[in-house]
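Enquirer: sequence and predicted structure, then a few things I'm wondering about:
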Amino acid sequence: MFAPRQDQLRDLDTAYRGFRAVAEALPTEKFLASLGDWSPRDIAAHFVGWNRITLAGCAALREGEVPFYFYDGTNDYRKINAGFFQRFSSRERDTLLGQIDQAMQELVAYLGRMDEAEWEQDTGVVHYRGGPATVARCVDSLLRDYRKHTEEIHAADA
C-alpha cells in the first residue's frame, strides 16, 4: 500500500528539508505572523512535537499497542498541538529549527534500524480512521503534513 521504507524515508527527508528551507527564508516578522490559525512559528513547534511522537507512536505500533495520541485524532489533534505550542514555546526560529532537526534525526535513525518486514506490518492496532495502523502509515501522515504546511507558508508568502 505504501512505498518501501527507503523510498518513504527519502520522501520524508525531502518534505522536511522543503519545510525547513521555507521557514529559514522567512523574515522574522513573517515567521511570527499568523497564517490564519497558526503562524510558521506554531507550525515549527508542531513539527518538533510530531517528529518526537511519531517515533513513540511507531514504537508502540511495533509492540501492538495504540499510540497514545490517537485519542485526539478525531479532534484534529487540537489538544496535542496546543501542548506542542506551549512546550516548544521559543519565538526564535533557529532554536525551533534546531529542535526539529534533532527530533528528525532521532526519528530517522529509529526508523532506519527497523526491519523492512515491520514497515507495513499489521499488529492488530486499528487506526482511528479505520484500517490498520502501521509504521508506514504514520510516516506517510508526517510527510504529507510537512508538504501541506510548506505549501500553506508558500501560499501566504506569495
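Expert: It's in. Just so we're clear, the structure is a prediction, and the values are computed from it rather than from any experiment.

Enquirer: helices of the protein, start to end?
Expert: In the chain, the helices defined using DSSP state H lie at 5-25, 28-32, 40-62, 78-87, 93-112, 135-157.

Enquirer: rebuild those helices as CSV, extending it with mean neighbour count and mean pLDDT.
Expert: Quick note: C-beta positions are derived from backbone N, CA and C, even for glycine. Formatted as CSV, the helices of the chain follow (neighbours: other C-beta atoms under 10 Å; pLDDT from 0 to 100):
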stretch, mean neighbour count, mean pLDDT
helix 5-25, 16, 96
helix 28-32, 14, 95
helix 40-62, 22, 97
helix 78-87, 14, 96
helix 93-112, 16, 97
helix 135-157, 18, 94
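
Enquirer: can you redo the ones you listed as JSON lines with distance to residue 72?
Expert: Output for the helices of the chain, formatted as JSON lines (distance: least, C-beta to C-beta, whole Å):
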{"stretch": "helix 5-25", "distance to residue 72": "22"}
{"stretch": "helix 28-32", "distance to residue 72": "26"}
{"stretch": "helix 40-62", "distance to residue 72": "11"}
{"stretch": "helix 78-87", "distance to residue 72": "5"}
{"stretch": "helix 93-112", "distance to residue 72": "19"}
{"stretch": "helix 135-157", "distance to residue 72": "14"}
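
Enquirer: any idea which of those helices gets closest to residue 125?
Expert: helix 40-62 (5.7 Å; C-beta to C-beta).
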